[in-house]
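> Could you work out the structure for the sequence below:
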Amino acid sequence: MPTDLPNLLTLSRIAAIPVLVALAALREPWGDVAACVVFSAAAITDYFDGKLARDWQQTSAFGRMLDPIADKLLVGAALMLLAGMGRLSDFGLYPAIVILLREILVSGLREYLAGLSVGLPVTKLAKWKTGFQMGALGTLLAGDTAAQVLHLSFLPISLIGEIMLWTAAALTLITGWDYLTAGLRHAGGPESARPSQPREPARS
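Numbers count the residues shown, from 1 in each chain. Below is the predicted model of the structure:
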């Protein structure tokens, strides 16, 4: 049910996006701190919605569909904010591109394999990638201006965030390649072995 707590937590990640955008758009140190807090809280729900769904036996098709969508919307919004507002250096833009392209690749693979009734399991390495990615984006949203508010100006917050982003991008390439090869194995099978799918009518 969409109103189950795990699904509500997933929906909260989507609801957090306009709040995140509004806070970052203020371009104020306190707004950067608040944006980091909102993003971090939303990212944490990614762990708890799945755990609660499994522990309470509330897994559902709705939740399985919505969870990766919410993740990608949150990550995509954060990356666009950082890039569009000049919060990434030229060097930091490259891992952001890698991460965004990987999200699109995996989404396409999942959609294709779903038509073959084949799942794409989340590996332990992919979970590490998600952890570094979310940590990096939260750190970059806070930025050096937020460090001044928190009296942490001695820390190169943006540099730390970009190092974490590069780490996430490296893990992204590894896990993305694993998912791609898994998808190609199924795509290379005989057409007759695949479940037949109804053809959708052409759209104008």
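> Low-confidence stretches in this structure?
By pLDDT under 70, the weakly predicted segments of the chain are 1-3, 62, 114-122, 187-204.
> OK, contacts around Leu155?
Contact analysis of Leu155 by Cβ atoms under 8 Å, 6 or more residues apart in numbering lists Ala147. For glycine as for every other residue, the C-beta is placed from the backbone atoms N, C-alpha and C.
> what helix or strand does it sit in?
Following DSSP states H and E, there is no helix or strand that holds Leu155.
> Quick check: nearest residue in space to Leu88, chain neighbours excluded?
Excluding the flanking residues, the one nearest Leu88 by Cβ to Cβ, 6 or more residues apart in numbering is Leu82, at 5.0 Å.
> my read: that neighbour touches Gly138, true?
No. When contacts are counted by Cβ atoms under 8 Å, Leu82 is not listed as touching Gly138 (10.9 Å).
> got the buried residues for stretch 146-164?
Neighbour-count burial for stretch 146-164, counted by 16 or more other Cβ atoms under 10 Å, picks out Ala146, Ala147, Ile157, Ser158, Ile160, Gly161, Glu162, Ile163, Met164.
> Also stretch 12-26?
Within stretch 12-26, the residues that count as buried by 16+ other Cβ under 10 Å are Arg13, Ile14, Ala16, Ile17, Leu20, Leu23, Ala24.
> and which of these is nearest Asp71?
Distance to Asp71 across the buried residues of stretch 12-26 (Cβ to Cβ) is lowest for Arg13, with 7.1 Å.
> ok, now how distant is Leu93 from Ser12?
29 Å (Cβ to Cβ, to the nearest Å).
> Arg110 too?
22 Å.
> Can you give me the neighbour number for Ala42?
Around Ala42 there are 24 other residues, counting by other Cβ atoms under 10 Å.
> Perfect, I'm done here.
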